[in-house]
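>>> Could you look at this predicted model? Sequence included:
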Amino acid sequence: MASEQYRSRIPGFYRLSLESRRQTLQKQLGLLPETLSAFLPEEGLDLSHADRMVENALGVFGLPLGVAVNFLVDDIPVVVPMAVEEPSIIAACSNVARLVGLSGGFRTEVDPPHMIGQLQLVRVLDTDRALHAIETHREEIIAEVNRFCPNMIARGGGCLDVKARVLPPIKDGYHGSLDNDEVMIAIDVILHCGDAMGANIVNTALEGVAPKIEELTGARVSLRILSNLADRRLARAFCEVPYRYLATDASKDSGRDIALAVVGAYRFAARDVYRACTHNKGILNGIDALAIATGNDWRAIEAGAHAYAAREGRYTSLTRYSLDDAKQVLCASIELPIAAGVVGGSTRAHPSVKAALALIGPFGESARSLARLMASVGLAQNMSALWALVSEGIQRGHLELHRRKNGAGA
Ligand code: MEV
């Protein structure tokens, strides 16, 4: 593919009026007119749907829906819908996507959609009996879990494994007689969730299997809930940007100097929790915006990302950067859990969500493809933030957009 000419590359898109943007996008991507209409306030989520989605509904809440252009992910051009209120996120993401697109685009990898559900076993009178029961009745338990997710089984998913872990005690000064002081066992139930995020499937199956676990172990099942640390469902993205693209008019530094400063910015986040938190927030600026547009539970993705960032006992960066002087490129990568789905949740009821999934074409067709795109967007967002931070800072872009928002120079 001639990398300057791919379909999501739309030079000057931001300069067009809102209406011209819609027409350009429709033509460029060959979309049905109704796809983009679903983003109009009058065509979006209606009151009757809203009333069925949550309790005590009063109305619906608006957010700007924009698109990041220029993305090329695994050789597939894609325009990325982003629902977000913060100025310059979409512009910054599109800008880095353009540079990455010129250098071959993003490459991704994704694990199968395996989620972990947890059963908390308390009042364990005989630890060995409980552990032995889980181990020896593993197949029976898996079959019982599967009885509660027939649709997932029909789609090739279902329970894959069941494992028990005795949890270490904690020293929090508590001396009561509640379960805290007793043996506590976590039973991890691993489920293949197909194209769903998995929360409903996992929680239903856990609640279904709990009586069987109590019967086998003689203990009591307390919590039955999925874990948002979806670390069996990791997505990874990689990209390279030639040094020469990183030099800016505003700075006398060479492209390599800037690339080196970006590596330094990553290393700051890798070494310091205060910086890592903000660094990862920038990654999630992009991922959340796409998650919201596609009707996904961004709180779950956030929780998983932050817990994964602390998996080694110290909170650190979700991305990594290095220089390749032989190729004269800045290399970047990201790895994080992404529990996102393209079925279930609000994907059926919300017209704008359906439109967002249609807009991203093949990336909206499976949970794993959507995770690939989310990882790429997270990496682009992070690189754009670091690039701005090591060169002119982020305020100029922010202020320019604020100025436009308030009518000046619109
Ligand atoms: C602001 O929403 C996000 C940044 O703070 C991220 C970062 O510092 O890397 C710019």
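Nice, thanks for sending it over.
>>> neighbours around the residue of the stretch 301-410 of the chain found nearest the ligand, how many?
Distance from the ligand to each residue of the stretch 301-410 of the chain (CB to the nearest ligand atom) is smallest for Ala385, at 3.7 Å. In this view, the C-beta of every residue, glycine as well, is placed from N, C-alpha and C. Using other CB atoms under 10 Å, Ala385 has 25 neighbouring residues.
>>> ok, now which ones touch it?
By CB atoms under 8 Å, 6 or more residues apart in numbering, Ala385 lies in contact with Ala92, His279, Gly282, Asn285, Ile394.
>>> what sits opposite Val237 in the beta ladder?
In this structure residue 237 is Ala, not Val. Ala237 forms beta bridges with Thr108, Ile334, as assigned by DSSP bridges.
>>> ok, Arg214 touching Arg224?
Not Arg; residue 214 is Glu. No - under the criterion of CB atoms under 8 Å, Glu214 is not in contact with Arg224, lying 11.1 Å apart.
>>> The two: which is more packed in?
The neighbour count for Glu214 versus Arg224, taken as other CB under 10 Å, is higher for Arg224 (21 against 15).
>>> List the contacts of the more buried one.
Arg224 neighbours (CB under 8 Å, 6+ apart): Gly117, Gln118, Leu119, Gln120, Asn203, Leu206, Glu207, Ala210.
>>> nearest to the ligand, of the contacts of Ala385?
Gly282 (2.7 Å).
>>> The closest one and Ala332, how far apart?
Between Gly282 and Ala332 the computed distance is 13 Å (CB to CB, to the nearest Å).
>>> quick revisit: out of the contacts of Ala385, who's near the ligand?
His279, Gly282, Asn285, Ile394 (CB under 6 Å from any ligand atom).
>>> So which residues of this protein form helices?
Taking DSSP state H to define them, one finds helices in the chain at 18-29, 33-37, 47-53, 89-102, 127-136, 138-147, 150-154, 199-217, 255-271, 273-293, 298-309, 351-359, 367-390, 395-405.
>>> Report the contact partners of Ala261.
With contact set as CB under 8 Å, 6+ apart, Ala261 has these partners: Asp253, Val390, Ser391.
>>> Also Tyr14?
Tyr14 neighbours (CB under 8 Å, 6+ apart): Ala91, Ser94.
>>> burial measure for Val273, as a count.
Considering only other CB under 10 Å, Val273 is surrounded by 12 other residues.
>>> excluding its backbone neighbours, what's nearest it?
The shortest distance from Val273 to any residue other than its chain neighbours is 4.7 Å, reached at Tyr315 (CB to CB, 6 or more residues apart in numbering).
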